[in-house]
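In: Sequence first, then the predicted structure, then my questions.
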Amino acid sequence: MKITAILVFKSPAVGDSSSSDSVEPVVLANASDVSHFGYFQRNAAKEFILFVGRTVAKRTLPSQRQSVQHEEYKIHSYNRNGLCVVAFMDDNYPVRSAFSLLNTVLDEYQKTFGESWKKCKQT
């Protein structure tokens, strides 16, 4: 069981007056371990994680949890009131434990940063 990455996003559907299709999710936190990739593949792996993470976060509606299979990764996401967490895990990671972890990440993020994440904008 391996966790490759956990990302926290501000979902584009919250507080944005423009169409949510044209607005990308804003990365608020990113923790990834790409050490199991070859040295020259690590940057591409990080870009892949960011691209797929943004895509999954954009498609996860508020108050929704979902799991997506992408190649050898199971990607779990949970959007709580516009704060979305996405985790890249191997296929053997238990789903219930994954969503428990996502819930804990959101709780800790909100405890640490409060509602300040709502003011973040894409740069």
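Out: The structure has been received and is ready for your questions. Numbering: from 1, shown residues only.
In: so where does the residue nearest to the spatial centre of the chain fall, helix or strand?
Out: Centroid-nearest residue in the chain: V86, 2.4 Å away (criterion: CA atoms, centre = their mean). Taking DSSP states H and E as the criterion, V86 maps to strand 83-90.
In: Work out the gap between that strand and the centre of the chain.
Out: 4 Å (CA atoms, centre = their mean, to the nearest Å).
In: Now for the residue nearest to the centre of the chain: which residues touch it?
Out: 5-9, 53, 56-57, 60, 75-77 (CB atoms under 8 Å, 6 or more residues apart in numbering). For every residue, glycine as well, the C-beta is placed using N, CA and C.
In: I would like a ChimeraX command selecting only the buried ones among these, please.
Out: To isolate the buried members of the contacts of V86 in ChimeraX, using 16 or more other CB atoms under 10 Å:
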select :5,6,7,8,9,53,56,57,60,75,76,77
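In: The contacts of V86 in helices, which ones?
Out: Using DSSP state H, the members of those that fall in helices are 53, 56-57.
In: Columns distance to S97 and pLDDT on top of those residues, output as JSON lines?
Out: As requested, these are exported to JSON lines (distance: CB to CB, whole Å; pLDDT from 0 to 100):
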{"residue": "G53", "distance to S97": "20", "pLDDT": "95"}
{"residue": "V56", "distance to S97": "19", "pLDDT": "95"}
{"residue": "A57", "distance to S97": "21", "pLDDT": "94"}
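In: Pick the one among these closest to F99.
Out: Nearest to F99 among the ones in helices among the contacts of V86: V56, at 14.1 Å, using CB to CB.
In: separation between the closest one and S35?
Out: 23 Å (CB to CB, to the nearest Å).
In: can you check F51 too?
Out: F51 is 20 Å from S35, by CB to CB.
In: where along the chain do the helices fall?
Out: Under DSSP H, the chain gives helices at 42-59, 95-113.
In: how many degrees apart are the first one and strand 83-90 in direction?
Out: The reference is to helix 42-59. Interaxial angle, helix 42-59 versus strand 83-90 (axes from the mean of the first three to the mean of the last three CA atoms, to 10 degrees): 130 degrees.
In: Would you mark the buried spots in helix 42-59?
Out: Buried residues in helix 42-59, counted by 16+ other CB under 10 Å: 45, 48-49, 52-58.
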